[in-house]
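In: output the structure for:
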Amino acid sequence: MSQADAATPAADPFVEVIANALREPPVRIRPLPLPDGDQLWLKRVEDLTHRAWQRKGDMRRLLRREREGYARMAEAGLPVVAMVDGHTDWLVTRDAGANLRHLLRSSDVRSRERTAAFAAAGEALGKVHRAGFTHGRPTMRAICWDGECARFISLARYAERRRRNRHFALDVMIFIHSCLCADRSAHDVLGAALGAYLTHAPEGTWPAVHRMALLLSMVAPAATALRLARPGSRELSALPLALAYVTEHQRQP
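Out: The predicted structure follows:
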């Protein structure tokens, strides 16, 4: 049923579940419940207007990158979600647990579990970078925790050529920004994540993060101006917070 490249063949009961879902009208991302109570996730290419295509990019190309990223990182033994099956227009992965944004903002999550999840996420990102890979956009929504392991999803920005310290640094800045965007007071769990990250990351990454923050500070005035037009933007509001966080931690968190 598949024309997957770099994907493992689907196995019962996955074949029927996936086939049934593909007969339904396309939804970009949807869960696929399994008979045993577990679930898969189906991601499909959207039918975009020209304007949306310009904003989001070529969805098939991004999906191909994501498949390649899962396959390459899995081959290297890195913590990515398990890919079940894939095609030019769709991709199926296993469930990897709750994402960090949910864990950060949910009042039902205990502080100890939240800290453990963020430390595991930092360790996972450090191992990815030490192996010479980058995620491309490791936001709070792109890292999941199942109670034991942190795994990456959403690898549409994966690229083989991004293997230098500046690429690792940009990953780290995106992680910091996303965390403070979700909760501007989340310094404790952010410190736990970055502490674990630096234990496993390549040497020289934190100075590269400082250099990246300096470069990004050059666009901060433009972001401040944009905030006047978009006062409710959490992303724009979090940028100076992320830059200040890095500046305040000259050595290491």
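
In: for P31, which non-adjacent residue is spatially closest?
Out: Counting by Cβ to Cβ, 6 or more residues apart in numbering, Q39 is the residue found nearest to P31 once chain neighbours are left out, at 4.8 Å. C-betas here are computed from N, CA, C, even on glycine.

In: how about the CA coordinates for whichever helix or strand V128 is part of, as CSV?
Out: Per DSSP states H and E: V128 is located in helix 111-130. Taking C-alpha atoms only, helix 111-130 is exported to CSV below (Å, rounded to 0.1, in the frame of the first residue of the first chain):
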residue,chain,number,x,y,z
SER,A,111,6.8,19.7,39.2
ARG,A,112,9.1,16.6,39.5
GLU,A,113,7.7,15.1,36.3
ARG,A,114,8.0,18.4,34.5
THR,A,115,11.6,18.9,35.5
ALA,A,116,12.4,15.3,34.5
ALA,A,117,10.8,15.8,31.1
PHE,A,118,12.8,19.0,30.4
ALA,A,119,16.1,17.4,31.6
ALA,A,120,15.4,14.5,29.3
ALA,A,121,14.6,16.8,26.4
GLY,A,122,17.9,18.8,27.0
GLU,A,123,19.8,15.5,27.0
ALA,A,124,18.1,14.4,23.9
LEU,A,125,18.9,17.6,22.0
GLY,A,126,22.5,17.4,23.2
LYS,A,127,22.9,13.9,21.9
VAL,A,128,21.4,14.9,18.5
HIS,A,129,23.9,17.7,18.2
ARG,A,130,26.9,15.6,19.4
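
In: which secondary structure elements does it contact?
Out: Applying 3 or more Cβ pairs under 8 Å, 6 or more residues apart in numbering; DSSP states H and E, one finds that helix 111-130 makes contact with helix 100-105, strand 143-145, strand 150-152, helix 165-182, helix 187-200.

In: can you pull up the most central residue in this structure?
Out: Closest to where the C-alpha atoms of the chain average out (Cα atoms, centre = their mean) is A142, at 2.6 Å.

In: quick one: the helix holding V128 to helix 165-182, angle?
Out: Interaxial angle of helix 111-130 relative to helix 165-182 (axes from the mean of the first three to the mean of the last three Cα atoms, to 10 degrees): 160 degrees.

In: for helix 111-130, the distance to its chain's centre please.
Out: With Cα atoms, centre = their mean, to the nearest Å as the basis, helix 111-130 stands 13 Å off its chain's centre.

In: equivalent analysis for stretch 86-95, please.
Out: Here stretch 86-95 is found 16 Å from its chain centre; the criterion is Cα atoms, centre = their mean.

In: send me it as CSV with only the CA atoms.
Out: Output in CSV follows, covering the C-alpha atoms of stretch 86-95 (Å, rounded to 0.1, in the frame of the first residue of the first chain):
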residue,chain,number,x,y,z
GLY,A,86,5.0,6.9,4.7
HIS,A,87,4.1,8.1,1.3
THR,A,88,4.6,11.3,-0.9
ASP,A,89,1.4,12.8,0.7
TRP,A,90,1.3,11.3,4.2
LEU,A,91,3.3,10.0,7.1
VAL,A,92,2.4,7.8,10.0
THR,A,93,4.3,7.7,13.3
ARG,A,94,3.8,6.1,16.7
ASP,A,95,2.6,8.1,19.7
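
In: list the buried residues of that stretch.
Out: For stretch 86-95, a neighbour-count test (16 or more other Cβ atoms under 10 Å) marks G86, H87, W90, L91, V92, T93, R94, D95 as buried.

In: go on, stretch 128-145?
Out: Buried residues in stretch 128-145, counted by 16+ other Cβ under 10 Å: 128-129, 133-140, 142-145.

In: then stretch 30-41?
Out: Using 16+ other Cβ under 10 Å as the test for burial, stretch 30-41 gives L32, L40, W41.

In: many thanks, I have nothing further to ask.
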